[in-house]
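Just to be clear, the model below is a prediction. Sequence and coordinates:
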Amino acid sequence: MTAITVIGTGNMGQAIAGLAAKGGSSVQILARDHEKAGTAAASIGATAGIVGDAITGEIVVLAVPYPALAEIANTYGEQLTGKVVVDITNPVDFATFDGLVVPADSSAAAELAALVPGAKVVKAFNTNFAATLAAGELGGEPTVVQIAGDDEAAKQRLGEVVTAAGLKTADAGALKRARELEALGFLQMVLAVREQIGWTGGFAIRA
């Protein structure tokens, strides 16, 4: 059984925690609000705590907004060494909703990797909406989670969690591909905001 810690209780955090539990993983949910963490945890049989509590998971999913990544990295520091740390963020400029706020040759995931050099950082889930993760399907096909990272074993471990819940994965390559994944995630969000697609839709991958 894989142990997973999900930091964050928003729609994405709850959806990812739910699919991990569905696949048989033990789940810890951490949030700033203990009541919210407790409510989310109770619904799937997980344990709950607040940000700052010790991490129990081998895989740590940072289901937080992009600006919170640095604070989480600072809070946990060396506790993340050796762990698979999953960045799901899309570093969108929400003031203008007209671009990403990271340099053109970088990504949120690359910035996170620099902050926690001992961790095995992977990019995943940022091209999925919470509804398609929870439903497990998109357009009649299993939801596909795209994963990028430099550590092959880390990507495989996360992939096993995803597939155990009935979803599929696509290996997007090295962590430098996070830039393209973040651009794709941003485009998908733009289409949803412009009501070209629904928040229950998105980009599907068919082999």
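In hand now; what should we look at? Everything quoted here is computed from the prediction, not taken from an experiment.

In contact with E78, which residues?
The neighbours of E78, taking Cβ atoms under 8 Å, 6 or more residues apart in numbering as the test, are G118. No exception for glycine: its C-beta is placed from N, CA and C like everyone else's.

separation between it and A68?
E78 sits at a distance of 19 Å from A68 (criterion: Cβ to Cβ, to the nearest Å).

In this structure L69 contacts V86, no?
No - shown here, L69 and V86 do not form a contact pair, counting by Cβ atoms under 8 Å, at 11.4 Å.

between those two, which one's more packed in?
Taking L69 and V86 together and counting by other Cβ atoms under 10 Å, V86 has the greater number of neighbours (30 against 21).

What pLDDT is listed against A204?
pLDDT, A204: 90.

residues in contact with the residue sitting nearest the centre point of the chain?
Closest to where the C-alpha atoms of the chain average out (Cα atoms, centre = their mean) is I88, at 3.2 Å. Applying Cβ under 8 Å, 6+ apart, one finds that I88 lies in contact with M12, I16, V61, L62, A63, K123, A124, F125, N126.

Quick check: longest helix in this structure by residues?
Longest helix in the chain by number of residues, with DSSP state H as the criterion: helix 178-193.

what's it in contact with?
Outside helix 178-193, the residues touching it (Cβ under 8 Å, 6+ apart) are 87, 89-92, 97, 99-100, 102, 104-110, 123, 126-127, 129, 146, 148, 172, 197-199, 201-203.

give me that answer again for 6 Å
Residues outside helix 178-193 that contact it (Cβ atoms under 6 Å, 6 or more residues apart in numbering): 90, 92, 100, 107, 109, 123, 126-127, 146, 148, 197, 199, 202-203.

Checking my notes, I29 in a helix, right?
No - applying DSSP: H, G, I helix; E, B strand; the rest coil, one finds I29 to be strand, outside a helix.

Let me know how buried it is, in neighbour terms.
I29: 30 surrounding residues under other Cβ under 10 Å.

From T75, how far off is it?
16 Å.

what's the answer for E137, then?
36 Å.

same thing with K123?
Distance from K123 to T75, by Cβ to Cβ: 21 Å.

Which of these two has more residues huddled nearby?
Looking at K123 and T75 with other Cβ under 10 Å, you find the greater number of neighbours at K123, namely 31 against 13.

tell me the angle the one helix or strand the more buried one maps to makes with helix 178-193.
Taking DSSP states H and E as the criterion, K123 maps to strand 120-124. Taking axes from the mean of the first three to the mean of the last three Cα atoms, to 10 degrees, one finds strand 120-124 and helix 178-193 inclined to each other by 30 degrees.

Show me the helices in this protein, by range?
Across the chain, reading from the start of the chain, the helices by DSSP H fall at 11-22, 34-42, 69-76, 108-115, 130-135, 152-164, 178-193.

what's the closest of the ones you listed to V51?
With Cβ to Cβ, the closest approach to V51 among the helices of the chain belongs to helix 69-76: 6.4 Å.
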